[in-house]
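J.: When you get a sec, could you give me coordinates for this:
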Amino acid sequence: MRVCVLFNPRSGSADQIAALRAALAGRRKVALRELGPDDDFKQVVAEIARGRCDLIAVAGGDGTVHAAVNGLAPHFPDKPLTIVPLGTGNDLCRTLAIPLDAVAALDLWKTGRRRTIDVIRVEGDRAGYAVNAITGGFSGRVAADVTSELKGFWGPLAYLRGAAGPIAERESYRVTFRFDGGPPETMDLYNLVIANGRTAAGGLPVAPLANPEDGLLDVIVIPAGDLLDTSVVAARLMAGDYHADETVLHRRAKRVEIECDPPIPVSIDGELAEGRRFAFTVVPKALRVLAGPGYRPDPEGEPPEADDWDADAAGRGLGSRLFGLVAALMLLVVRMPRGVALGLGLAALAVLGFGLLARVVLAGEWATANQAILDAIEPRGSPRLTAFAEIITGAGHWAVTTALGAGLVAVYAARRRYLDAATLLVVLVGCSLLEPMLKWAFQVERPGPYEPAVAVAAYSFPSGHALRGVGLYLCVAALVVARDFKSVWRWVVAVGCVLLAAAVCWSRPYLLVHWPGDVAAGALAAVAWVSGCLVARHRVRVRLAATGRNAPAESGARPLTPV
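T.: Down below sits the predicted model:
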């Protein structure tokens, strides 16, 4: 078999060329050709395809493969193509399960699976062929921002570095689609993917369900939305499961026509373009390729045998996804409104604290500290302080919190503050349900050696009074301040609510009805629940405002602004 190997020294990992030369030195019927700065790769491939070469091996990245496919276009599907990965992204290699180590990829000449895959004919403001994916909007801008210098410095992380600017600006595009000649469908979108392969931008699974042999294009659209929605989708994209997000639209078609306003930036297999009109048509079974032993045309089909997988490539892919997810979450936190970031941060810290506290309590590691605190309290030398504690603890009783909370919900509803009423109602119901569920789950007994000052029942961990008291009064404090952030008297009321919640927590161990750990756990559970409810309230307000159906404006309220 006569093999012609084409090197592109401008590819992202072209420093491996020396190792490739050494690996190919002893092979017969192998011709090496390194492209010079003035060579047109497309024309060189077309020239070789007209010759007597049995297999064309392209050593380069996705852009090099794109040029090779366009050079082979007049010869579809006569000349087979194999890829020796030297690029930064090497995305088609990932779909075809080609080892990402260039020297290891040479073994496919003997062991590779011969397949015939689809390509994409591109028409309109740019003409030619694509084989992997066309990405537009956000991802098109990222491709434009990722220069060769950026790739050289950051390597595979260059795409993540290039996403920092576009994800903050969130520019949207009005696009009209026609699928297979059907009626026009217009929407405002943030990102567009028309895929034959499964990954782009160095391994991001932009079309994880794509089958490059099914004669169909996978079209994935992320509609324009608020920053939190977009960041969550970005995080899920980097984790590899964003296609399941309800905000992401997924279609399959043989032909897709788009008209854009403003002109949309697109990346066609890594080659940049911009335009208002494009048409993308699948050309079934057009390109013969050599795929790796782990290649599956249908990603939802049966997996290959375990021995067929490239373990190193799989490990790199998993590491890339984990890093991408962490980085996307960092972008999400940095770019979200301060109030949302604070709420989610408090919720996360409270959940973590509750988990750690539950572990040490169940393990008995806090038993000595709990016992020491209650031993110090047990004499209760001040009758007046004890009487005060008995009164204060009533503020966390289920009957008091239910009556007070129901009254406030009714007041909010009467004043047409329906969102505040709903928020407070959800907080109350959630706290009421969390208490019995958590007590049943942990089943920690009450402090046995002491005589409590008030009647008690059920289990001890976490404290129901602390959970209900902190939940109700913390939520009321937040709603009061949100109404007018600059009002001094509202801050006085809010601080009073917080102090009342703290006093309820103090009263429980003072009256010897709870271990201190029980009270801390109840307060943490309440903080987590209230923080989550307040974040949800903010998101609902944003959505209502976007649709023109917002609740009455809160006079003097300070909007939550991005960092």
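J.: Show residues contacting stretch 343-357.
T.: 333, 336, 366, 462, 517, 520-521, 524-525, 527-528, 531-532, 534-535, 538 (C-beta atoms under 8 Å, 6 or more residues apart in numbering). In this view, the C-beta of every residue, glycine as well, is placed from N, C-alpha and C.
J.: Also stretch 60-75?
T.: 6-8, 11-14, 41-46, 49-50, 56, 58, 79, 81, 83-92, 119, 128-132, 268-271, 287.
J.: Going by neighbour count, list what's buried in it.
T.: 60-73, 75 (16 or more other C-beta atoms under 10 Å).
J.: do the same with stretch 385-404
T.: Using 16+ other C-beta under 10 Å as the test for burial, stretch 385-404 gives 389, 392-397, 400-401.
J.: swap in stretch 198-215?
T.: Result for stretch 198-215 [16+ other C-beta under 10 Å]: buried residues 198-208, 210-212, 214.
J.: For those residues, work out which two are farthest apart.
T.: Across the buried residues of stretch 198-215, the longest distance by C-beta to C-beta is 24.6 Å; it joins Gly202 and Asp214.
J.: ok, what's across the strand from Pro265?
T.: Glu274 (DSSP bridges).
J.: Make sure it is actually in contact with Glu271.
T.: No. With contact defined as C-beta atoms under 8 Å, Pro265 does not reach Glu271; the gap is 11.7 Å.
J.: higher neighbour count, the two?
T.: Pro265 (24 against 18; other C-beta atoms under 10 Å).
J.: Could you measure from the more buried one over to Ala127?
T.: Using C-beta to C-beta, to the nearest Å, Pro265 is found at 17 Å from Ala127.
J.: hmm, back to that, among the buried residues of stretch 385-404, name the ones in helices.
T.: Taking DSSP state H, the ones among the buried residues of stretch 385-404 that sit in helices are 389, 392-393, 400-401.
J.: can you list the domains in the chain?
T.: The domain map for the chain lists 3-118, 129-283+305-335, 338-546, with the assignment taken from automatic domain parsing.
J.: and of those, who's closest to Gly292?
T.: domain 3-118 (3.4 Å).
J.: Pretty sure Pro265 is one of the things Leu272 touches, is it not?
T.: Yes. Leu272 is in contact with Pro265 according to C-beta under 8 Å; the separation is 7.1 Å.
J.: For the stretch 51-200 of the chain, just list every one of the helices.
T.: For the stretch 51-200 of the chain, the helices defined by DSSP state H, counting those that start in this stretch occupy 62-72, 91-95, 102-105, 108-111, 138-145, 148-154, 158-162, 164-169.
J.: which strands and helices sit next to the third one?
T.: Read it as helix 102-105. Under the contact definition 3 or more C-beta pairs under 8 Å, 6 or more residues apart in numbering; DSSP states H and E, helix 102-105 sits against helix 17-24, strand 81-85.
J.: Show the average pLDDT along it.
T.: Averaging pLDDT along helix 102-105 gives 80.
J.: For that helix, list every residue counted as buried.
T.: 102, 104-105.
J.: ok, so of those residues, who is nearest Trp440?
T.: Closest approach between these and Trp440, by C-beta to C-beta: Ala104, at 55.3 Å.
J.: Quick check: that closest one vs Ala413, distance?
T.: The value you get for Ala104 to Ala413, if C-beta to C-beta is used, is 67 Å.
J.: for Ala536, same thing?
T.: 18 Å.
J.: Can you show me the helices along the stretch 451-563 of the chain?
T.: According to DSSP H, counting those that start in this stretch, the helices that the stretch 451-563 of the chain contains are 464-483, 488-510, 516-546.
J.: Of the helices and strands packed on helix 102-105, flag the one that's most buried.
T.: With neighbours taken as mean count of other C-beta atoms under 10 Å, the helices and strands packed on helix 102-105 reach their highest mean count in strand 81-85, at a mean of 26.
J.: Could you name the helices and strands sitting against it?
T.: strand 55-60, helix 62-72, helix 91-95, helix 102-105, strand 271-291.
J.: mind listing what's buried in the longest one?
T.: For strand 271-291, the buried set under the neighbour-count rule, 16+ other C-beta under 10 Å, comprises 271, 273-275, 278-283, 286-291.
J.: packing partners for that strand?
T.: Where contact means 3+ C-beta pairs under 8 Å, 6+ apart, strand 271-291 is packed against helix 62-72, strand 81-85, helix 108-111, strand 113-124, helix 138-145, strand 255-268.
J.: need the contact list for Asp218.
T.: Contacts for Asp218 (C-beta under 8 Å, 6+ apart) come out as 193-196, 207, 209-210, 250-252.
J.: Among these, which one lies nearest to Cys475?
T.: The closest of the contacts of Asp218 to Cys475 turns out to be His250 (C-beta to C-beta; 38.6 Å).
J.: how big is the angle separating the helix or strand harbouring Val411 from helix 488-510?
T.: Here Val411, judged by DSSP states H and E, is contained in helix 398-414. Taking axes from the mean of the first three to the mean of the last three C-alpha atoms, to 10 degrees, helix 398-414 and helix 488-510 form an angle of 160 degrees between their directions.
J.: Can you check what angle separates helix 398-414 from helix 464-483?
T.: For helix 398-414 against helix 464-483, the angle by the same axes, to 10 degrees is 20 degrees.
J.: that older thread, in terms of mean pLDDT, which of the helices and strands packed on helix 102-105 ranks lowest?
T.: Lowest mean pLDDT within the helices and strands packed on helix 102-105: helix 17-24, at a mean of 73.
J.: Using PDB, write down the CA coordinates of that helix.
T.: Extracted C-alpha coordinates of helix 17-24, given in PDB (Å, rounded to 0.1, in the frame of the first residue of the first chain):
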ATOM      1  CA  ILE A  17       7.200  16.000  13.300                       C
ATOM      2  CA  ALA A  18      10.700  14.800  14.300                       C
ATOM      3  CA  ALA A  19       9.300  11.900  16.200                       C
ATOM      4  CA  LEU A  20       7.100  11.000  13.200                       C
ATOM      5  CA  ARG A  21      10.000  11.200  10.800                       C
ATOM      6  CA  ALA A  22      11.900   8.700  13.000                       C
ATOM      7  CA  ALA A  23       8.900   6.400  13.200                       C
ATOM      8  CA  LEU A  24       8.400   6.500   9.500                       C
END
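J.: Sheet partners, orientation included, of the helix or strand that that helix is followed by?
T.: Per DSSP H and E, the first helix or strand lying C-terminal to helix 17-24 is strand 30-34. Take DSSP bridges as the rule and strand 30-34 pairs in its sheet with strand 3-7 (parallel).
J.: Give me the buried positions along the partner strand.
T.: Residues 3-7 are the ones in strand 3-7 that count as buried (16+ other C-beta under 10 Å).
J.: for stretch 27-43, same thing?
T.: Buried residues in stretch 27-43 (16+ other C-beta under 10 Å): 30, 32, 35, 41-42.
J.: Near Pro462, how many other residues are there?
T.: Using other C-beta under 10 Å, Pro462 has 30 neighbouring residues.
J.: nope, Pro262 is what I meant
T.: 11.
J.: mind checking how far it is from Leu216?
T.: 29 Å.
J.: shaky segments in the stretch 1-150 of the chain?
T.: 1, 8-16, 26, 36-38, 138-150 (pLDDT under 70).
J.: same thing but at 80, please
T.: 1-3, 5-43, 45-54, 60-61, 74-79, 86-89, 102, 110, 137-150 (pLDDT under 80).
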